[in-house]
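>>> The following comprises the amino acid sequence and a computationally predicted model.
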Amino acid sequence: MSISTSIWVWIAALLTLMIYSFLYKENPFYRLAEHIFMGLSIGYSVVILWYNYILPRIYEPLFFPPHQWSLIFPILIGMMTFGIFSEKYNWLIKYPLAVYVAGYAGVQIPLQLQTMILRQAEASFLTPDKFTSLFSSFNALLIFAGLVTTLIYFYFSAKREHGLGGASQVGIIFIMIAFGAAFGYTVMARISLLIGRMQFLLQDWLGIM
Amino acid sequence: MIFLLILSFTISAKDTPDDAGGSITINVYNIPEGTEQIELYRLTKGDTLFEEVGLIPIFKGELDDATVTDGVLYLYKATALTPDTVYVAEIKEFASSSPEWFNKSRTSVLLFIALFWVVILVYIQLAKKNPEGLFIRKLPPLEAMDEAVGRATEMGKPVLYVPGIEYITDAGTLASITILAKVGRKVAEYETRIINPHFDPIVMTTAQETLKNAFSEAGRPDAFNKDDVFYLTSEQFGFAAGVDGIMLRERPGAIFLQGYFYAESLILAETGYSIGAIQIAGTNATTQLPFFVAACDYVLLGEEMFAASAYISKEPRLLGSIKGSDLAKSVLLVLIGVGVIFGTFAAIKNVAGNPVYMEIFDRILEFLARTAE
């Protein structure tokens, strides 16, 4: 057993324990760690913003040759965001938001449509090459049934009557099975995070592993 | 080693089509037999020496040089190395790259969007004329919202509303703001308190305005406390730690987790569950839905959030887009059906000779023939 002599390892270990004390109940130690974490995270965000965005994307291109004067327009639009601090000029924020939302939609809609809808639809076509064995045939039919009934579940503008009610019930079963699988998978990933933290405490801090 | 300029081994260079610029596509033809590697060299106009670009894969005979600058002229040459000879091919004219305005490979996407856009516009017009005419089915979590606020009021505890950790550009955040307005009106009616922590300052400002209006609409503008709508931090787990702390200290009677969430979803939902609050979640982050389903009382699954926001607001644009997206789903189902038929026929053609498929195919034809008779 060789306990760490590094002050930083001790600080990290104690903060880890303070956060874990939350598992017992809310207490002053947890509160202290929570506020340190939040304060640090805000400070960190400001530093990242300054060094990764403001300096390389605004200050340097504007004030050092070759001067990119065209940047003044997006900067002015962005600065309208500060209008929110004024009762009189808070309407200015609508313009940067409009540019931001429209630009984002313009980039994302075709991308999402191509990757999340058209490609997925294409991949769900049942073709004989998916029926090469009994297992793959069953799998293909299952996926197809799941796709159709799940889509029907998310049909909002029709009453759940006739066949729609039954199909959407089957759809929700498929959805829940998928959720169960995703849940189990993520719990495994979370346990590996816990193992990582335990390794830090037992190995790097206490040196008993 | 002998350097030979062989006419049959040729090279071409052209601007890569349908891209955003910065790339020239190089092709080599008639690769000599026994070639072990093909090296590509580039000369920038004005320079005197060729620089090495990389190796052209022999099996493909093509390479995209993505290290070029738009508008600059380049001359390319390729050398095919065989064990005893080096073959050289060189283009005669300079090539340059430029961005294209239109990506032709995405024409189908454009057509689909145009169709979708027209359908939505038509439905928006219909919704404007007769909002009640467009049916949207009621969702159980919506009915539970009033019940949750009522329960918190009876217990003398506040309501906590977390709008996720995305920006105002996210559709889930926008839907969350609409749901916040409904919750806010109910909170004002019941004269209870709503705590609304934020990850993003712009979403916070929007939420402040939304709640202020909701309290005014409920006839209780005086009850609105601007300080209860506040910014925590823009760091994911810092935000999770902060919200967890609020849950444990304030012990809200009802918790709304509505918006886009990432890995903090389970941490928040678990803590809410541990304090015994009634929890109504909703997110368009499909990867986080399982955790909300496991730990919350009611959940708006993905697109249900948008349907909920349309149902609450009765806003023609939202109603029209929900109706339009439903139609798009129907079109998609038809497309999948058509794809199944065409794909099956194409694949049958490819596996002609396979007795099983041919028999199925023959029987389908027999059936169609009988039906036609």
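Thanks, I have it.

>>> make it CA atoms for all contacts and neighbour counts henceforth
OK.

>>> need the longest helix for the chain.
By default, I'm working from chain A. Using DSSP state H to assign secondary structure, the helix with the most residues in chain A is helix A:162-199.

>>> was after chain B, sorry
Scanning chain B for the longest helix, with DSSP H as the assignment, gives helix B:316-350.

>>> Now do that one, average pLDDT.
Within the predicted structure, the mean pLDDT of helix B:316-350 is 79.

>>> Is any residue of stretch A:122-135 near chain B?
Yes - Stretch A:122-135 lies in contact with chain B when judged by Cα under 8 Å from any Cα of the partner chain; the contacting residues are A:Glu122, A:Ser124, A:Phe125, A:Leu126, A:Thr127, A:Pro128, A:Asp129.

>>> do stretch A:42-58 as well
Yes - counting by Cα under 8 Å from any Cα, contacts between stretch A:42-58 and chain B involve A:Ile42, A:Ser45.

>>> what does that stretch contact?
Where contact means Cα atoms under 8 Å, 6 or more residues apart in numbering or on different chains, the residues beyond stretch A:42-58 that reach it are A:Leu71, A:Ile75, B:Thr233, B:Ser234, B:Glu235.

>>> if we can go back for a sec, narrow the residues of stretch A:122-135 next to chain B to just the buried residues.
Burial by neighbour count, judged by 16 or more other Cα atoms under 10 Å in any protein chain shown, picks out A:Ser124, A:Phe125, A:Leu126, A:Thr127, A:Pro128 from the residues of stretch A:122-135 next to chain B.

>>> Pick the one among those residues closest to B:Lys226.
B:Lys226 lies nearest to A:Ser124 out of these, by Cα to Cα, at 49.7 Å.

>>> who's in contact with the closest one?
A:Ile143, A:Phe144, B:Ile336.

>>> Spell out the secondary structure type for the closest residue to B:Phe135 other than its chain neighbours.
In space, and not counting its chain neighbours, B:Phe135 is closest to A:Ser157: 5.3 Å by Cα to Cα, 6 or more residues apart in numbering or on different chains. With DSSP: H, G, I helix; E, B strand; the rest coil as the basis, the three-state label of A:Ser157 is coil.

>>> Got phi/psi on A:Ser157?
Backbone geometry at A:Ser157, expressed as degrees, to the nearest 10, gives phi -100, psi 20.

>>> So for residue 19, what's the pLDDT?
This is for chain A. Here, the pLDDT recorded for A:Ile19 equals 91.

>>> oops, chain B please
The model reports B:Asp19 with a pLDDT of 90.

>>> Compare the contacts of A:Ser124 and tell me which is most surrounded.
Neighbour counts for these (other Cα atoms under 10 Å in any protein chain shown) peak at B:Ile336, which has 23 neighbours.

>>> Go ahead and confirm that residue touches A:Arg119.
No - look at B:Ile336 against A:Arg119 with Cα atoms under 8 Å: they stay out of range, at 11.1 Å.

>>> Distance to A:Leu206 added to the contacts of A:Ser124, as CSV?
Converted to CSV, the contacts of A:Ser124 look like this (distance: Cα to Cα, whole Å):
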residue, distance to A:Leu206
A:Ile143, 50
A:Phe144, 54
B:Ile336, 59
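
>>> Tell me the one of those nearest A:Met176?
For A:Met176, the nearest member of the contacts of A:Ser124 is A:Ile143. The distance, counting by Cα to Cα, is 14.2 Å.

>>> pLDDT value on the closest residue to B:Val72 other than its chain neighbours, please?
Closest residue in space to B:Val72, ignoring its immediate chain neighbours: B:Ser96 at 5.8 Å, by Cα to Cα, 6+ apart. B:Ser96 is assigned a predicted lDDT (pLDDT) of 94.

>>> So B:Ser96 sits against B:Asp70, correct?
Yes - with the criterion set as Cα under 8 Å, B:Ser96 and B:Asp70 qualify as a contacting pair; they are 6.6 Å apart.
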